[in-house]
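Trainee: Generate coordinates for the sequence data below:
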Amino acid sequence: MKETGYKGFTVWLTGPSGAGKSYLADGLKRCFQEMAIPVEVFDGDTIRKNLYPDIGFTAEARRMHNKVVINHAKLMTKHGIPNIVSLISPFRDVRDKAREDIGNFVEVLVDSTKEIRIQRDPKGLYARAISGEITNLTGYDGVYEPPLAPEVTVRSHEQTLEEEVEAVISKCRELGFIRV
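Mentor: I've put the predicted structure just below:
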């Protein structure tokens, strides 16, 4: 088998709605492509929209959605394909299960202040939560259990995208997942 500068692994981006997960995923994807490392991105919103748009946001529905993404990431990692998961994944036990099932795993907490998330509000969800139109928005009034010991924490309200990407890439190198 041909030796490559990488092995299969999963970068799991977790954080409340509007924290900057998709933005970081896009930056990581570009960086991996520049290093000639093929990568797949699993965006929680895209998967939800394409596979089961009417599933809802109950705790049970979120857990099922996360399990589907875990399975996809596990298969990619098993077959030597690096992947990035951009998913709120609000429950710590589900992320711990992802780590256990996937193996080569980098958990990244994408953090920002509630005020910044409200200002960003890329999908208009915070405005709807503030008006009372929706409830249980992760990052506003919904449950989010932050990781206890993520491999990387980025603070999107304090760091540039380049700094965030470099922190994740450095950890991937440190763990031996990439060698370029």
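Trainee: Against which helices or strands is the helix or strand of the chain with the lowest mean pLDDT packed?
Mentor: Using mean pLDDT, DSSP states H and E, the weakest-scoring helix or strand in the chain turns out to be helix 44-51, at a mean of 78. Judged by 3 or more C-beta pairs under 8 Å, 6 or more residues apart in numbering; DSSP states H and E, the packing partners of helix 44-51 are helix 59-78. No exception for glycine: its C-beta is placed from N, CA and C like everyone else's.
Trainee: Could you tell me which strands sit next to the helix or strand that the helix it packs on is followed by in the sheet, and their orientation?
Mentor: Helices and strands here follow DSSP states H and E; after helix 59-78, the next one along the chain is strand 83-86. If you go by DSSP bridges, strand 83-86 pairs up with strand 10-14 (parallel), strand 40-43 (parallel).
Trainee: Mean pLDDT lowest where, among those?
Mentor: Ranked by mean pLDDT, the strands paired with strand 83-86 bottom out at strand 40-43, which scores a mean of 93.
Trainee: and the strands paired with strand 83-86 as a markdown table, adding distance to Gln119?
Mentor: A markdown table is the format used below for those (distance: least, C-beta to C-beta, whole Å):
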| stretch | distance to Gln119 |
| --- | --- |
| strand 10-14 | 20 |
| strand 40-43 | 22 |
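Trainee: Same list (those) but as TSV, adding distance to Ile55 and mean neighbour count.
Mentor: What follows is the strands paired with strand 83-86, written out as TSV (distance: least, C-beta to C-beta, whole Å; neighbours: other C-beta atoms under 10 Å):
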stretch	distance to Ile55	mean neighbour count
strand 10-14	19	29
strand 40-43	15	18
